[in-house]
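Colleague: model this:
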Amino acid sequence: MHAYVVVSLLTGVRTEEARGLQWAHVVTWSDETAEWRPVVKPGFDRDRFAVYVWRSVRAHGDIKTEKSRRTLELPLQAVDALRRHHTRQASDRLKAGPVWQETGLVFCSTTGKPLDAANVRRGLRLVTKKAGIGETWSPRELRHSFVSITSDGGVPIKAIADLCGHSSPAFTGEVYRHQLKPMITRGAEVADVVFGPSKLA
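Modeller: From the prediction side, this is the model:
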């Protein structure tokens, strides 16, 4: 679950997008060919990585909306988590031997089978219990946390909407209004810095 949690938290992908992510859609930039290539070919010894969020575990592999189809560059912590996860998965494949099912999925069972929603919920709750933050967390809260973190970091709502694959910033504002830092406070904060209380006295 480590890589699943890290990638979900640091990219904001939907849980059905994470469960449908394939290694062929984890890509790295090749200076030699000036193109993105699946990471399993050139390996992880590169500088830039991204994920193609082009499919999910929905019927026929469809993503939620047309706007949901997006390419996200990966933060370094997510790359490191995926690098270690790829090594662990190779070990799982060897241990499973003939019972391994090759699905090409990044996140799968120890025999290669797709994870269902219940698998991920149970796994996440074990993580949050061990972290001492309770057992009531659901996978979608990783996406909510991503919105909170990026909003608190000053990322504009339009950019957050694009990262999350939302149809519009208005939708992001409606669905995640509790996670978004109220931008209306920014004017007051800037005025306090620029003028300060003594300058207006």
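
Colleague: Show me this protein divided up by domain.
Modeller: In the assignment given by automatic domain parsing, the structural domains of the chain cover 2-138, 140-196.

Colleague: With mean pLDDT as added columns, please give the ones you listed in JSON lines.
Modeller: Formatted as JSON lines, those follow (pLDDT from 0 to 100):
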{"stretch": "domain 2-138", "mean pLDDT": "90"}
{"stretch": "domain 140-196", "mean pLDDT": "77"}
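
Colleague: These into a markdown table, with extra columns for mean neighbour count?
Modeller: Glycine gets a C-beta too; all of them are placed from N, C-alpha and C. Shown next, in a markdown table, are the domains of the chain (neighbours: other C-beta atoms under 10 Å):
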| stretch | mean neighbour count |
| --- | --- |
| domain 2-138 | 16 |
| domain 140-196 | 14 |
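
Colleague: Tell me where the protein has strands.
Modeller: Secondary structure of the chain by DSSP state E: the strands cover 26-30, 35-38, 49-53, 70-73.

Colleague: dump the residue contacts of Glu35.
Modeller: Glu35 makes contact with Trp29, according to C-beta atoms under 8 Å, 6 or more residues apart in numbering.

Colleague: redo that, cut-off 10 Å
Modeller: Glu35 makes contacts with Val27, Trp29, as judged by C-beta atoms under 10 Å, 6 or more residues apart in numbering.

Colleague: ditto for Phe146
Modeller: Applying C-beta under 10 Å, 6+ apart, the residues near Phe146 are Ser8, Leu9, Leu10, Thr11, Gly12, Val13, Ile160, Leu163, Cys164, Tyr176, Gln179.

Colleague: returning to what we had before: quick one, which of the strands of the chain gets closest to Ala90.
Modeller: Closest to Ala90 of those is strand 26-30 (C-beta to C-beta; 14.3 Å).

Colleague: Next, the angle strand 49-53 makes with that closest one.
Modeller: Here strand 26-30 points in a direction 140 degrees away from that of strand 49-53 (axes from the mean of the first three to the mean of the last three C-alpha atoms, to 10 degrees).

Colleague: how close does the residue nearest to Gln89 when sequence neighbours are not counted sit to Asp116?
Modeller: In space, and not counting its chain neighbours, Gln89 is closest to Cys108: 7.6 Å by C-beta to C-beta, 6 or more residues apart in numbering. The spacing between Cys108 and Asp116, counted by C-beta to C-beta, to the nearest Å, is 11 Å.
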